[in-house]
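K.L.:
Return atomic coordinates for the entry below.
(2 chains)
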Amino acid sequence: MMKNVILHGKVWKVGSDIDTDVIIPARYLNCSEPEFLAAHCLEDVIPQILMKVKPGDILVAGKNFGCGSSREHAPVAVKHAGFSCVIAESFARIFYRNAINIGLPIIVAPEVARTIKEGSLLEVDPVTGMIRDLSEGKAYQGEQYPPFMLEIFSAGGLIAYTREKIKRGGVKQLG
Amino acid sequence: MGMTITEKILAVHAGVKEVSPGEIITVKLDLALANDITGPVSIREFSKIGVERVFDKNKVVLIPDHFAPAKDIPSAQQCLEIKEFSQEQGLKHYYEVGRMGIEHCLLPEQGIVVPGDVVIGADSHTCTYGGLGAFSTGVGSTDLAVGMATGEIWIRVPVSLKFILHGKPKNPWVSGKDYILAIIGKIGVDGAQYKTIELTGQAIEDLSVDGRLTMTNMAVEAGAKNGIIAADDKTIQYTKARAQRPWQVYRSDPDARYENIIELDVTHLQPQIAFPHLPSNTKAVQEAGDVKIDQAVIGSCTNGRWEDMVMAARILKGRKVHPDVRAIVIPGTQEIYLRTVREGLAEIFVEAGAVVSTPTCGPCLGGYMGILAKGEKAISTTNRNFVGRMGHPESEVYLASPAVAAASAILGRIASPEEVL
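P.N.:
Now for the predicted structure:
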């Protein structure tokens, strides 16, 4: 079980319908090393991202973040670029699953996505969905994970969750 | 209470009598699919789970198609990784270059996927198989890795949107591609977020299986979990000739629940163009204005099937590609490729001044085999026109049907088929 961590970071804002080709262009998909992908994360939106984003910073997006391809390289790039969390008005479904599966906290919070200012300092509890804007002194309640997804998230991702389940005999191989 | 096709397939694969939207269930997989980009990541994650073998060596499918034939050394390494894993695991469904095809063209064609299946693929266009009446959806590499290990996946049962397409288009060049672009234009790129797009109506029944697969292929472009079309006589004929396994036909009950029912009359629909940079940014071809193009791509998991080749050849026959344009035709599988050669379509394409490529996803995602330079514009039968999708971030992609792409290749600008015939 992963210990619950409260996240702190500065806000980077991006718009709506940020697709996975923008998050990590396919020309970089001949490699799946997290550090390489991170170096090219959102490079047409935030050029030289690794020079700018400090570990822990928080990406805040509009609606339908992560639409497009199923490439897990996208949340991997976001995570390894230093972002501790993504908050958005809504997420595309494959990106949402992928983020939880690889242990990238991700929160649906339409009001935050609409009102928060670039550069604000946030405090985020991914388990409760509580988001505090320390710069403005405001608090917001983001959506909580459904219980089943919280289990995966709390285990540290889908692989750790599955490994545990297999050990406990909860999953039998069919073949 | 009645159930939709999607709910029925999911219920059977979860081993329960019925399921309702919103419920989280675990379903058994008939197939788990990955390619040369997502496969290596899946294999790496698979190795961390603590099992030696995949759940069923006949149900895990690995296809090198995105950057294959390998475009560079790193891509060659990725292709090699899935090949070696396939050999180690004794996978039945690994297809080497020369026998492979674009995954979503190959699996239906070879009868690897059949009606009633539950399929996950580490490729967002896995939703294609809904055109055969299967439940199929795209997932990431980690979900796929767990699917390969356990033969199961958890799914939140989606609510369904029912589309009823009435009428018969007066314009003979209007195709399944135009229907789906019109739908995405209407509901937006998140208009079916997390939901099922169930396609019904006379216009769908009139489509060939190829045309239906084009439509369900792009369900994800509206954010959908899956697209689905009930299997009918055409589906059964198609399946009988190919199926490697028994299949099961499901139909939605008359009292099945839909979140919304959307009706569309296609009688007066014109060929559609999705302008940069979203598939929902659609217009009728007649309203496109004067858009000069540098490249036309005819192929992909959306429009690389036989019917698409025929459509393009009918327009290109005896005509020439515009001097300023590169036309690239990519049959989706080796079987389609061979047929384009045998039936003279390849000759038509080459004589027109187009190139004919071996099957690959190549240019669709800006991999290779037709990358755009800064400022260049392409008309393409592919599925996405995001910023930088086919090359330079300042290039542009316009999505259309094979007929419109072929006509545009000839005139050097976005054009409707009537303008060249």
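K.L.:
how far does stretch B:224-235 sit from the chain's center?
P.N.:
Relative to its chain's centre, stretch B:224-235 lies at 13 Å (Cα atoms, centre = their mean, to the nearest Å).
K.L.:
That one: end-to-end distance?
P.N.:
End-to-end distance of stretch B:224-235 (Cα to Cα, to the nearest Å): 22 Å.
K.L.:
Stretch A:57-67 now?
P.N.:
Using Cα to Cα, the two ends of stretch A:57-67 sit 22 Å apart.
K.L.:
Centre of the chain to it, how far?
P.N.:
8 Å.
K.L.:
now it: mean pLDDT?
P.N.:
The pLDDT scores in stretch A:57-67 average 98.
K.L.:
likewise stretch B:153-166?
P.N.:
Over the span of stretch B:153-166, the pLDDT mean works out to 98.
K.L.:
Residue B:57 contacts residue B:88, doesn't it?
P.N.:
No - the pair residue B:57 / residue B:88 is not scored as a contact, 10.3 Å apart, by Cβ atoms under 8 Å. Bear in mind the C-beta positions are built from the backbone N, C-alpha and C, glycine included.
K.L.:
list the contacts for residue B:239?
P.N.:
Residues in contact with residue B:239 (Cβ atoms under 8 Å, 6 or more residues apart in numbering or on different chains) are B:111, B:114-115, B:132, B:231, B:247.
K.L.:
would you list every one of the helices in chain A?
P.N.:
Counting by DSSP state H, chain A has helices at residues A:20-23, A:34-39, A:49-52, A:73-80, A:93-102, A:110-115, A:147-155, A:158-167.
K.L.:
before we move on, the earlier item: list the ones among the contacts of residue B:239 that fall in strands.
P.N.:
Using DSSP state E to define strands, no part of these is located there.
K.L.:
Which strands and helices lie in contact with the helix or strand residue B:328 falls within?
P.N.:
Secondary structure assignment for residue B:328, by DSSP states H and E: strand B:326-329. With contacts taken as 3 or more Cβ pairs under 8 Å, 6 or more residues apart in numbering or on different chains; DSSP states H and E, strand B:326-329 sits against strand B:295-298, helix B:306-316, helix B:345-352, strand B:354-356.
K.L.:
check whether the helix or strand that contains residue B:153 contacts chain A.
P.N.:
Per DSSP H and E: residue B:153 is located in strand B:152-156. Yes - applying Cβ under 8 Å from any Cβ of the partner chain, one finds that strand B:152-156 is in contact with chain A at B:152, B:154, B:156.
K.L.:
Can you name the next helix or strand after that strand?
P.N.:
Moving toward the C-terminus from strand B:152-156, the next helix or strand (DSSP H and E) is strand B:160-166.
K.L.:
Now do that following strand: which elements does it pack against?
P.N.:
With contacts taken as 3+ Cβ pairs under 8 Å, 6+ apart, strand B:160-166 sits against helix B:176-187, strand B:196-200, helix B:202-206, strand B:260-265.
K.L.:
Got the confidence number for residue A:3?
P.N.:
Residue A:3 carries a pLDDT value of 59.
K.L.:
repeat for residue B:212
P.N.:
If you check residue B:212, the pLDDT there is 98.
K.L.:
these two touch, right, it and residue B:229?
P.N.:
Yes - between residue B:212 and residue B:229 a contact is recorded at 5.1 Å, counting by Cβ under 8 Å.
K.L.:
Those two - which one has more neighbours?
P.N.:
Higher neighbour count among residue B:212 and residue B:229: residue B:212, with 30 against 25, using other Cβ atoms under 10 Å in any protein chain shown.
K.L.:
what sits against the nearest residue to residue A:66 once chain neighbours are set aside?
P.N.:
Spatially, and ignoring its direct neighbours in sequence, residue A:66 is nearest to residue A:95 (2.6 Å; Cβ to Cβ, 6 or more residues apart in numbering or on different chains). By Cβ under 8 Å, 6+ apart, the contact set of residue A:95 is A:20, A:65-67, A:74-75.
K.L.:
Let me have the residues of strand B:152-156 next to chain A in a markdown table, extended by distance to residue A:38.
P.N.:
Shown next, in a markdown table, are these (distance: Cβ to Cβ, whole Å):
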| residue | distance to residue A:38 |
| --- | --- |
| B:152 | 32 |
| B:154 | 29 |
| B:156 | 30 |
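K.L.:
what packs against the worst-scoring helix or strand of chain A on mean pLDDT?
P.N.:
Within chain A, confidence by mean pLDDT, DSSP states H and E is lowest for helix A:49-52 among all helices and strands, at a mean of 90. Helix A:49-52 sits against helix A:34-39, with contacts defined as 3+ Cβ pairs under 8 Å, 6+ apart.
K.L.:
and the helix it packs on, is it in reach of chain B?
P.N.:
No - contact of helix A:34-39 with chain B (Cβ under 8 Å from any Cβ) is absent, the minimum separation being 9.7 Å.
K.L.:
ok now that helix, how far from the chain's centre?
P.N.:
When C-alpha coordinates are averaged (Cα atoms, centre = their mean), helix A:34-39 and its chain have centres 15 Å apart.
K.L.:
Report the buried residues of that helix.
P.N.:
Using 16 or more other Cβ atoms under 10 Å in any protein chain shown as the test for burial, helix A:34-39 gives A:36-39.
K.L.:
And for stretch B:7-20?
P.N.:
Applying 16+ other Cβ under 10 Å to stretch B:7-20 flags B:7-14, B:19 as buried.
K.L.:
Could you export that stretch as PDB, keeping only the C-alpha atoms?
P.N.:
Taking C-alpha atoms only, stretch B:7-20 is exported to PDB below (Å, rounded to 0.1, in the frame of the first residue of the first chain):
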ATOM      1  CA  GLU B   7     -24.300  -4.700 -22.400                       C
ATOM      2  CA  LYS B   8     -25.100  -8.300 -23.600                       C
ATOM      3  CA  ILE B   9     -21.500  -9.000 -24.800                       C
ATOM      4  CA  LEU B  10     -20.100  -7.600 -21.600                       C
ATOM      5  CA  ALA B  11     -22.600  -9.500 -19.400                       C
ATOM      6  CA  VAL B  12     -21.700 -12.800 -21.100                       C
ATOM      7  CA  HIS B  13     -18.000 -12.200 -20.700                       C
ATOM      8  CA  ALA B  14     -18.400 -11.200 -17.100                       C
ATOM      9  CA  GLY B  15     -20.400 -14.500 -16.500                       C
ATOM     10  CA  VAL B  16     -23.500 -12.700 -15.300                       C
ATOM     11  CA  LYS B  17     -27.100 -12.400 -16.500                       C
ATOM     12  CA  GLU B  18     -27.200  -8.700 -16.900                       C
ATOM     13  CA  VAL B  19     -25.100  -5.500 -16.400                       C
ATOM     14  CA  SER B  20     -26.100  -1.900 -16.200                       C
END
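K.L.:
Domain ranges for chain B, per the record?
P.N.:
What automatic domain parsing lists as the domains of chain B is B:5-263, B:272-419.
K.L.:
Lovely, talk soon.
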